[in-house]
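> structure, please.
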Amino acid sequence: MSGGRFVVTDRRGESSIAASGRFIAPRTNPLPVSPTDDPLAWAREYTPVLQSQGDEHEDAEPLSGYTIAVATHMEAVSGCLVEALNRAGAEVLFTASEPQSTHGDVVAYLDDIDGITGFAWEGMTDEEFDDAQHELLEQEPDFILDDGCELISKCHADHPEVAKQVIGGGEQTTAGITRVEAMDEEGVLEFPVYGVNDTPMKHFFDNVHGTGESALVNVSITTNTVITGQTVVVAGYGYCGRGIARKARGLGAQTVVTEVEPRKALQAHMDGHCVMSMGEAAELGDIFITSTGTRDVLRREHFEEMQDGAQLANAGHFDVEIDLDGLEAYADDISEPKDGITRYETPDGRYLNLLANGRLVNLTGPASEGHPAEIIDTTHAMMFVTAYDLITRDHDLGPGLYAIPDRLDRDVAERKLETLDIDIDAVTQAQQEYADDWRNEGSSF
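Modelled structure (predicted):
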């Protein structure tokens with residue numbers, strides 16, 4: 001179990017299980033409480049959609065005989081995805097999609113289950129991370145569920161014979177979709193891939209609410225500073241950036257958005273954020289959060305203009321959005337004033353504070369647990385139905401990137417509403433006939 005994972009008590013002082021799988025005793029209870037030996041126990045309670053999928057397919061095991069490779073951030077909720085696939089009969093090989101977001105207790109627990117094999121461990125280096133992914137691919141999986149296009153790209157680049165045998169795949173991140181699109185356009189993609197990231201149940205909830213909330217929560221926890229009243233500069237106004245900016249303003253921050261895409265910049269303006277170039281924003285921001293999917297968004301020309309004490313965080317998949325080499329070269333001195341914070345002292349005596357080494361702030365910080373479980377539940381449910389649909393149904397799809405069928409997205413949404421005990425209206429026969437007949441006019445007379 002990694003140090004730094006936090007535990008919580010409720011308002012009455014009664015114990016509860018944190019996502020790390022540990023207990024904390026009430027302050028009035030002098031007796032020690034032992035950690036649970038099941039690190040997924042708490043997460044299962046907050047992943048009802050995944051649990052329903054596992055329950056539905058556990059007896060028939062429709063994925064039996066297939067080996068599914070999963071690359072994702074290996075924390076408790078991701079463990080629930082691996083578990084659900086295994087309950088549906090699949091042999092599951094899992095690995096990390098980011099070397100510093102792996103929870104060792106989750107890996108150990110899953111690796112001990114028949115039919116599940118882990119290729120990750122807590123504290124792995126970048127080199128070990130790459131080696132583990134290649135070792136997984138050497139097992140010749142039938143299907144790939146990916147995060148950041150880690151396995152799909154390596155499979156094509158370094159294991160081409162394996163790629164030719166893969167049935168299909170799914171990709172759940174913006175950065176990963178960009179890479180799969182490039183592969184598709186280049187004509188090198190060997191199998192069909194569902195773009196899970198672009199489905200409504202993913203980008204409207206995971207990207208907006210998951211990234212938005214977890215990024216800000218982890219900035220606040222890591223620094224132990226307030227967001228209210230601060231100027232928060234958000235680089236990028238895709239779904240993730242939109243969520244970060246919206247929630248920052250909800251916390252009372254002054255929000256600034258930078259963009260390279262004119263329509264997204266206009267959208268940010270119409271949503272009430274101040275829009276400007278990063279060159280202008282650099283001297284105004286107290287907190288900078290990048291979420292663009294590209295590199296060198298914050299670079300030396302911006303570091304030179306930043307205020308003393310500025311906090312720099314990244315919410316994009318790869319640790320390239322902040323120019324770390326440029327920051328190090330610019331600094332006169334580098335220190336670590338607090339776990340999870342690297343302080344760079346500039347030649348003119350200012351301090352610039354980098355969070356989580358420029359990696360995903362919501363997943364690799366000292367207390368990070370990733371997105372709220374209720375949010376990632378639906379994203380991982382979309383990954384589950386991606387594998388189920390492409391493996392069990394004959395779509396006759398050739399290699400390429402495909403939009404995930406609307407019926408799958410709708411199914412997950414309906415399951416989620418059921419878990420929330422929310423009823424919605426049904427389309428009436430008259431309404432359906434009206435929608436189907438283009439001759440209908442606006443008046444009933």
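> can you get me a residue count around Met201?
Neighbourhood size, Met201 [other CB atoms under 10 Å]: 23. For glycine as for every other residue, the C-beta is placed from the backbone atoms N, C-alpha and C.
> that one sits in which helix or strand?
helix 200-202 (DSSP states H and E).
> for that helix, what is the average pLDDT?
Mean pLDDT, helix 200-202: 89.
> which secondary structure elements does it sit against?
With contacts defined as 3 or more CB pairs under 8 Å, 6 or more residues apart in numbering; DSSP states H and E, the packing partners of helix 200-202 are helix 373-392, helix 406-419.
> deepest-packed of these, please.
Highest mean neighbour count of the helices and strands packed on helix 200-202: helix 373-392, a mean of 24 (counted as mean count of other CB atoms under 10 Å).
> picking up where we left off before, out of the helices and strands packed on helix 200-202, which gets nearest to Ile287?
When those are compared by CB to CB, helix 373-392 sits nearest Ile287, at 22.1 Å.
> in a markdown table: the helices and strands packed on helix 200-202, plus mean pLDDT.
What follows is the helices and strands packed on helix 200-202, written out as a markdown table (pLDDT from 0 to 100):
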| stretch | mean pLDDT |
| --- | --- |
| helix 373-392 | 95 |
| helix 406-419 | 95 |
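> got TSV for these, with distance to Val427 too?
Shown next, in TSV, are the helices and strands packed on helix 200-202 (distance: least, CB to CB, whole Å):
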stretch	distance to Val427
helix 373-392	23
helix 406-419	13
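> can you say which of these is nearest to Asp286?
Nearest of those (CB to CB): helix 373-392, 26.6 Å.
> restricting to C-alpha, output that closest one in PDB.
The C-alpha trace of helix 373-392 is given here as PDB (Å, rounded to 0.1, in the frame of the first residue of the first chain):
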ATOM      1  CA  ALA A 373     -15.900   6.700  -8.800                       C
ATOM      2  CA  GLU A 374     -19.500   7.500  -9.900                       C
ATOM      3  CA  ILE A 375     -18.200   9.400 -12.900                       C
ATOM      4  CA  ILE A 376     -15.600   6.900 -14.100                       C
ATOM      5  CA  ASP A 377     -18.100   4.100 -13.600                       C
ATOM      6  CA  THR A 378     -20.000   5.200 -16.800                       C
ATOM      7  CA  THR A 379     -16.700   5.600 -18.800                       C
ATOM      8  CA  HIS A 380     -15.500   2.100 -17.900                       C
ATOM      9  CA  ALA A 381     -19.000   0.800 -18.600                       C
ATOM     10  CA  MET A 382     -18.600   2.200 -22.100                       C
ATOM     11  CA  MET A 383     -15.300   0.400 -22.400                       C
ATOM     12  CA  PHE A 384     -17.000  -2.800 -21.200                       C
ATOM     13  CA  VAL A 385     -19.800  -2.600 -23.900                       C
ATOM     14  CA  THR A 386     -17.200  -1.700 -26.500                       C
ATOM     15  CA  ALA A 387     -15.400  -5.100 -25.900                       C
ATOM     16  CA  TYR A 388     -18.700  -6.900 -25.600                       C
ATOM     17  CA  ASP A 389     -20.200  -5.500 -28.800                       C
ATOM     18  CA  LEU A 390     -17.200  -5.900 -31.000                       C
ATOM     19  CA  ILE A 391     -16.400  -9.400 -29.800                       C
ATOM     20  CA  THR A 392     -19.900 -10.900 -29.700                       C
END
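> buried sites along the next helix or strand after that helix?
Next helix or strand after helix 373-392 toward the C-terminus (DSSP H and E): strand 400-402. Under the neighbour-count criterion of 16 or more other CB atoms under 10 Å, strand 400-402 has Leu401, Tyr402 buried.
> what's the following helix or strand past the helix holding Met201 packed up against?
The first helix or strand that comes after helix 200-202 along the chain, using DSSP H and E, is helix 212-223. Contact here means 3+ CB pairs under 8 Å, 6+ apart; on that basis helix 212-223 packs against helix 239-250, strand 287-290, strand 310-314, strand 351-355, helix 361-364.
> chain center to helix 212-223: distance?
Counting by CA atoms, centre = their mean, to the nearest Å, helix 212-223 is centred 14 Å from the centre of its parent chain.
> quick check: angle from that helix to strand 351-355?
On the basis of axes from the mean of the first three to the mean of the last three CA atoms, to 10 degrees, helix 212-223 is oriented at 130 degrees to strand 351-355.
> restricting to C-alpha, output helix 212-223 in CSV.
Provided in CSV are the C-alpha atoms of helix 212-223 (Å, rounded to 0.1, in the frame of the first residue of the first chain):
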residue,chain,number,x,y,z
GLY,A,212,-12.9,19.3,-13.9
GLU,A,213,-13.6,18.3,-10.4
SER,A,214,-10.7,15.9,-9.7
ALA,A,215,-8.1,18.3,-11.2
LEU,A,216,-9.1,21.2,-8.9
VAL,A,217,-9.5,19.0,-5.9
ASN,A,218,-6.0,17.7,-6.2
VAL,A,219,-4.5,21.1,-6.8
SER,A,220,-6.1,22.2,-3.6
ILE,A,221,-5.1,19.1,-1.6
THR,A,222,-1.6,19.1,-2.9
THR,A,223,-0.9,22.7,-2.2
